[in-house]
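A.B. asks: no FASTA, just this:
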């Protein structure tokens, strides 16, 4: 651990003292990123975020619970990033082979989720229901992959359930993006929530734009 | 020409240091002025383009600003392309193994603060650390009804991934700890979610107030940043699977503190000792 920190200090901190001195007085990140805690998907590595660029929340399966669920650590971070730091973009990143999504998809119907993992990933239950409906002919692995992306959409919709988030998106002060990192073939898919008057139509579907796929 | 160039540069420097100089120009006006001076339409287009980029970089270096407002999608794409070419494609064996499974040795709790990514400051590579980031790097005590987010991460990392180390990293100038120390005594809250969350740290605040209440508030906050790490380490031990593994020495708990003002990092470990008989 000592070697690692000293290497950071020598190769990064000392080489960019001005930046670090400026950052020491305050942070003004333009991004809030919600990513999975998975050891393979650190946003600083995969998307090259440097110190000061992104306020990062990491939890199991990159989930955002809806406003109605009450206070959690994820929405405390959301409140801070949007209201205090005034970030301009929120990016929710899902990924391939997610253990949390697998746990969600493995749950038995009509059985109460067991353990803390089960309690947490139940936040994504809408994504599981949609996935099961759309992919019943696919094998389990393919269903999980579909759910990984569906869960990002579910989180994006949940973001809009927060009044302070919806207001800023409506005013054009905040953009909401979804992303999916596939580390099997090293590709990144991203899309942006469509910001018009009817952000959430009656059926709960969300309009997206600027979908892109990079590999 | 040289004196005119100097005039533009001097205007930029004086406007950036905010004292009244003669004929202060805005940054944009200065950039445009320099470009007009140095870029000629009869020169090669490629050369002019390069000159344009260099002028913008020079001005931004002088002022310590970025040349353009960062376009978010371009920023994300650029970052991913860089990762793909400098890491993913360079180590195919590692990444194909990681695609199958992850076996991190660390579970790390860190703050969401944009300045304290564990991958940056402790150089964690893909596959090394399962990282949970929340406001104030707080770990609440074991509770089956609340805080399932944190609980899920601990359960997954300890039971499913069998990590051998848990590291909780606090840091300087933490906004979460700042809010904790500023919470009104009467229990009123201005921010529903943040205030509800940081109250997990109240035992640390109480300890700091008792021991260091005579110090200025800023110094009390520094102490609380470290004390909150200790509180999280204590709370971690209320999780049955953490306790069980610590008892058979399969899991080590450590605390860390990253001070980005001084540029230093402290590390300490949780040890429990059973003394020899003190009375017979």
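C.D. replies: Everything's here; your move. The structure displayed is predicted, hence computed values, not measured ones. Residues are numbered from 1 along each chain as shown, chains lettered A, B, ... in the order given.

A.B. asks: show me the beta-bridge partners of residue B:169.
C.D. replies: residue B:256 (DSSP bridges).

A.B. asks: okay, now it: neighbour count?
C.D. replies: 25 (other C-beta atoms under 10 Å in any protein chain shown). Yep, even glycine has a C-beta here, placed from its N, CA and C like the rest.

A.B. asks: how about residue B:268?
C.D. replies: Residue B:268 has 14 nearby residues by other C-beta under 10 Å.

A.B. asks: partner strands of the helix or strand hosting it, with direction?
C.D. replies: Assigned by DSSP states H and E, residue B:268 belongs to strand B:264-269. Applying DSSP bridges, strand B:264-269 is found paired with strand B:252-259 (antiparallel).

A.B. asks: ok, and what's touching the partner strand?
C.D. replies: Residues outside strand B:252-259 that contact it (C-beta atoms under 8 Å, 6 or more residues apart in numbering or on different chains): A:1, B:116, B:121, B:164-172, B:225-226, B:229-230, B:232-233, B:236-237, B:242, B:246, B:265-270.

A.B. asks: now stretch B:214-223
C.D. replies: Applying C-beta under 8 Å, 6+ apart, the contact partners of stretch B:214-223 are B:172, B:174, B:177-178, B:181, B:208-209, B:211-213.

A.B. asks: name the SS class of the residue nearest the centre of chain A, please.
C.D. replies: For chain A, the residue nearest the mean C-alpha position is residue A:92 (2.4 Å; C-alpha atoms, centre = their mean). Three-state call for residue A:92 (DSSP: H, G, I helix; E, B strand; the rest coil): strand.

A.B. asks: hey, what's it bridged with?
C.D. replies: residue A:34, residue A:178.

A.B. asks: report the contact partners of it.
C.D. replies: By C-beta under 8 Å, 6+ apart, the neighbours of residue A:92 are A:33-35, A:62, A:64, A:152, A:155-156, A:159, A:176-179.

A.B. asks: residue B:131 against residue B:124, yeah?
C.D. replies: Yes: when contacts are counted by C-beta atoms under 8 Å, residue B:131 is listed as touching residue B:124 (7.4 Å).

A.B. asks: now residue B:172. Nearest residue, chain neighbours left out?
C.D. replies: residue B:259 (4.5 Å; C-beta to C-beta, 6 or more residues apart in numbering or on different chains).

A.B. asks: also residue A:121?
C.D. replies: residue A:104 (4.2 Å).

A.B. asks: what does residue B:144 give?
C.D. replies: residue A:116 (7.1 Å).

A.B. asks: got the contact list for the one you found?
C.D. replies: By C-beta under 8 Å, 6+ apart, the neighbours of residue A:116 are B:144, B:148, B:151-152, B:154-155.

A.B. asks: looking at those residues, which is nearest residue B:276?
C.D. replies: residue B:154 (33.4 Å; C-beta to C-beta).

A.B. asks: packing partners of the helix or strand where the closest one lies?
C.D. replies: Using DSSP H and E, residue B:154 maps to helix B:148-155. For helix B:148-155, the packing partners by 3 or more C-beta pairs under 8 Å, 6 or more residues apart in numbering or on different chains; DSSP states H and E come out as strand A:54-59, helix A:73-79, helix A:115-121, strand B:129-134, helix B:240-247.

A.B. asks: returning to what we had before: thought the residue nearest to residue A:121 was touching residue A:63?
C.D. replies: No: with contacts counted by C-beta under 8 Å, residue A:104 stays clear of residue A:63, the gap being 9.2 Å.

A.B. asks: anything in contact with each of those two?
C.D. replies: Counting by C-beta under 8 Å, 6+ apart, the residues touching both residue A:104 and residue A:63 are A:121, A:124, A:151.

A.B. asks: let me know the closest of the residues you listed to residue B:276.
C.D. replies: Distances from residue B:276 to these, taken by C-beta to C-beta, are shortest for residue A:121, at 47.1 Å.

A.B. asks: are any of the contacts of strand B:252-259 buried, and if so which?
C.D. replies: Buried members of these, scored by 16 or more other C-beta atoms under 10 Å in any protein chain shown, are B:116, B:121, B:165-172, B:225-226, B:229-230, B:232-233, B:236-237, B:242, B:246, B:265, B:270.

A.B. asks: burial measure for residue B:211, as a count.
C.D. replies: Around residue B:211 there are 12 residues (other C-beta under 10 Å).

A.B. asks: next one: phi and psi at the closest residue to it other than its chain neighbours?
C.D. replies: Distances taken as C-beta to C-beta, 6+ apart place residue B:223 nearest to residue B:211, at 7.6 Å, with adjacent residues excluded. Per-residue torsions, residue B:223: phi -60, psi -40 (degrees, to the nearest 10).

A.B. asks: residues near residue B:223, how many?
C.D. replies: So residue B:223, with other C-beta under 10 Å, has 19 neighbours.

A.B. asks: report pLDDT for it.
C.D. replies: Among the per-residue scores, residue B:223 shows a pLDDT of 95.

A.B. asks: hey, where'd the strands end up in chain A?
C.D. replies: A:31-36, A:54-59, A:89-95, A:175-182, A:187-193, A:208-214 (DSSP state E).

A.B. asks: excluding chain neighbours, what is closest to residue B:105?
C.D. replies: residue B:164 (5.1 Å).

A.B. asks: contacting residues for the one you found?
C.D. replies: B:105-106, B:250-252 are the contacts of residue B:164 under C-beta under 8 Å, 6+ apart.

A.B. asks: please report how far it lies from chain A.
C.D. replies: According to C-beta to the nearest C-beta, to the nearest Å, residue B:164 and chain A sit 13 Å apart.

A.B. asks: tell me the pLDDT of that residue.
C.D. replies: 96.

A.B. asks: for the residue nearest the centre of chain B, what are its contacts?
C.D. replies: With distances taken as C-alpha atoms, centre = their mean, residue B:116 lies nearest the centre of chain B, 2.0 Å away. Residue B:116 makes contact with A:51, B:110, B:169, B:171, B:258, B:260 under the criterion C-beta under 8 Å, 6+ apart.

A.B. asks: change it to 10 Å
C.D. replies: A:23, A:27, A:51, A:56, B:110, B:122, B:133, B:137, B:169-174, B:258, B:260 (C-beta atoms under 10 Å, 6 or more residues apart in numbering or on different chains).

A.B. asks: just residue A:154 next, same as before
C.D. replies: A:63-64, A:66, A:92, A:94, A:123-131, A:147, A:204, A:206.

A.B. asks: among the residues you listed, name the buried ones.
C.D. replies: A:63-64, A:66, A:92, A:94, A:123-124, A:126-128, A:130-131, A:147, A:206.

A.B. asks: for the stretch 151-280 of chain B, which spans come out with low pLDDT?
C.D. replies: B:187, B:189-191, B:280 (pLDDT under 70).
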